[in-house]
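Asker: Model the structure of this input:
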Amino acid sequence: MTVGHGDDINAVGGPARHIPVLLAEVLQALSPAEGDVIVDGTFGAGGYTKAILAAGASVVAIDRDPDAIAAGRNLEAQSGGRLRLVQAPFSMLDQHVESADGVVLDIGVSSMQLDQAERGFSFRVDGPLDMRMAQAGLSAADVVNNFKPGDLARIFGFLGEERHAGRIARMIEARREKRPFERTLELADAIETHIGRAPKDKIHPATRVFQALRIFVNDELGELAKALFAAERALKPGGRLAVVTFHSLEDRIVKRFIADRSDAASGSRHMPEARARSATFSKSGGGVTPGEAETAANPRARSARLRAAIRTDAPARAGDFSIFGLPKLPGPKLPGPKLPGIERPGER
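Answerer: Residues are numbered from 1 along each chain as shown. The predicted model follows:
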């Protein structure tokens, strides 16, 4: 399962670990049955996958975290051939299944990742400033120690909705000149010392910065957008899409995608250049949130929201990232293709 991005990272943990969020609602949206092939694009600890297998369907489970795949091998071996694990970004799900009856995506960071100090996602315990889900590429330390303060402020401000983004970015610039940031508690303590913390504050002052760094390092918004296009290509007519988000930015992407894909526009005498298009999805209810009983039993679920849609028989449309309104943020100084909506340093 994943946790709400806005939660106090120091508060997560405990008995709620590995409880899949909105499980009953997700199963209702997917309606898995014997003979169905369901893609679990965010395998994690396997909560959704186990429930789907129990319903009689087969599962192609995807995760870019090699630890999650390794931990799921026993379940795969016990599945009687109905579970296939794939280590890959979920944005590539259509490359691993051609015709799916359902796709489920549970967006965010897994509780297993948070609970492992060496992964650097949390400052609940000290660990390296890492945060890479795939355990490769640009790390949070690389961003904090090398990006310009203006770029850091944009990352913290948009992805973390941090109102002190500029102050924190300037503090980081001054501190890293003396010694680079290497540990999670080192960064968290520096932010708390600089910003302060009132007794009434419910979350640690560094929570939103850590959230922003994690989303940026893993290109979570871009990956989600690409995964929705991939699901559109992979789902057969009548196939069902279910997406659970924990952050308003992610929910906005899913909501805009479903709204765009469920809209069938056509040309008119006023706009003759417009091309007719068919809806590729039909909405399957509005945003579903957990009930009081679930949030009481699992506080991590309190910011979750499920959106679902059903695939029509219309051909998949081209992936147009403009529908999401993704921000222009500084991109990683790494080789490879430029990410949609992401701007590399020096391209401004």
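Asker: which regions of the stretch 51-200 of the chain sit below the pLDDT cut-off?
Answerer: When residues are selected by pLDDT under 70, those of the stretch 51-200 of the chain lie in 108-123.
Asker: Which parts of it are helices?
Answerer: Secondary structure of the stretch 51-200 of the chain (DSSP state H, counting those that start in this stretch): helices located at 66-71, 73-77, 111-115, 140-146, 149-159, 165-176, 184-195.
Asker: of all the ones you listed, which lies closest to residue 286?
Answerer: Taking CB to CB as the measure, the helices of the stretch 51-200 of the chain were each checked against residue 286, and helix 149-159 came out nearest at 25.4 Å. For glycine as for every other residue, the C-beta is placed from the backbone atoms N, C-alpha and C.
Asker: now the closest one and helix 184-195, what's the angle there?
Answerer: With axes from the mean of the first three to the mean of the last three CA atoms, to 10 degrees defining the directions, helix 149-159 sits at 90 degrees from helix 184-195.
Asker: Now do helix 149-159: which elements does it pack against?
Answerer: Under the contact definition 3 or more CB pairs under 8 Å, 6 or more residues apart in numbering; DSSP states H and E, helix 149-159 sits against helix 140-146, helix 165-176, helix 207-217, strand 329-330.
Asker: wouldn't residue 91 be in contact with residue 226 here?
Answerer: Yes. If you go by CB atoms under 8 Å, residue 91 and residue 226 touch, sitting 3.6 Å apart.
Asker: Show me what the residue lying closest to residue 31 once chain neighbours are set aside is bridged to.
Answerer: Counting by CB to CB, 6 or more residues apart in numbering, residue 31 lies nearest to residue 240, which is 6.5 Å off, once chain neighbours are set aside. In this structure, residue 240 has beta-bridge partners residue 102, residue 310, where bridges are defined by DSSP bridges.
Asker: Roughly how far does residue 240 sit from residue 72?
Answerer: Here residue 240 is placed at a distance of 23 Å from residue 72 (CB to CB, to the nearest Å).
Asker: Kindly report the same for residue 128.
Answerer: Distance, residue 128 to residue 72, using CB to CB: 25 Å.
Asker: got a list of what the residue nearest to residue 31 touches?
Answerer: For residue 240, the contacting residues are 29, 30, 31, 101, 102, 103, 284, 308, 309, 310, 311, by CB atoms under 8 Å, 6 or more residues apart in numbering.
Asker: Same question for residue 22.
Answerer: Going by CB under 8 Å, 6+ apart, residue 22 touches 244, 288, 290, 294, 301, 304, 306.
Asker: any idea of the pLDDT on the third one?
Answerer: Residue 290 is assigned a predicted lDDT (pLDDT) of 93.
Asker: what's the closest of the contacts of residue 240 to residue 196?
Answerer: residue 308 (42.5 Å).
Asker: quick one: secondary structure of that closest one?
Answerer: Of the three states, residue 308 takes strand under DSSP: H, G, I helix; E, B strand; the rest coil.
Asker: Surely it touches residue 241?
Answerer: Yes. Contact between residue 308 and residue 241 holds when scored by CB under 8 Å: they sit 6.3 Å apart.
Asker: Counting neighbours, go ahead and name the busier of these two.
Answerer: The residue with the greater number of neighbours, taking residue 308 and residue 241 and applying other CB atoms under 10 Å, is residue 241; the counts read 28 against 25.
Asker: quick revisit: considering the contacts of residue 240, which member attains the minimum pLDDT?
Answerer: Scanning these for pLDDT, the low point is residue 284. It has 91.
Asker: close enough to count as contact, that residue and residue 306?
Answerer: No. Distance between residue 284 and residue 306: 10.0 Å, which falls outside the contact criterion (CB under 8 Å).
Asker: joint contacts of those two?
Answerer: Here residue 284 and residue 306 share the contacting residues residue 29, scored by CB under 8 Å, 6+ apart.
Asker: So those two - more neighbours on which side?
Answerer: Under the criterion of other CB under 10 Å, the comparison of residue 284 against residue 306 puts residue 306 first, with 25 against 18.
Asker: Not counting its neighbours along the chain, what's nearest that one?
Answerer: Here the nearest residue to residue 306 in space, its sequence neighbours aside, is residue 288; by CB to CB, 6+ apart that works out to 4.2 Å.
Asker: cool, residue 61 as well?
Answerer: Taking CB to CB, 6+ apart, and ignoring the residues beside it in sequence, residue 61 has residue 43 as its nearest neighbour in space, at 4.0 Å.
Asker: The residue nearest to residue 306 and residue 139, how far apart?
Answerer: The gap separating residue 288 from residue 139 is 35 Å, by CB to CB.
Asker: again, but for residue 251
Answerer: As it turns out, when the distance is counted by CB to CB, residue 251 lies 27 Å from residue 139.
Asker: hmm, back to that, more neighbours: residue 128 and residue 72, which one.
Answerer: The residue with more neighbours, out of residue 128 and residue 72 and counting by other CB under 10 Å, is residue 72; that gives 21 against 15.
Asker: contacting residues around that one?
Answerer: When contacts are counted by CB under 8 Å, 6+ apart, residue 72 is found next to 43, 46, 49, 61, 63, 83, 85.
Asker: hey, where'd the helices end up in the stretch 201-348 of the chain?
Answerer: Using DSSP H, counting those that start in this stretch, the helices of the stretch 201-348 of the chain run over residues 207-217, 220-234, 248-261, 292-297.
Asker: No more questions from me, cheers.
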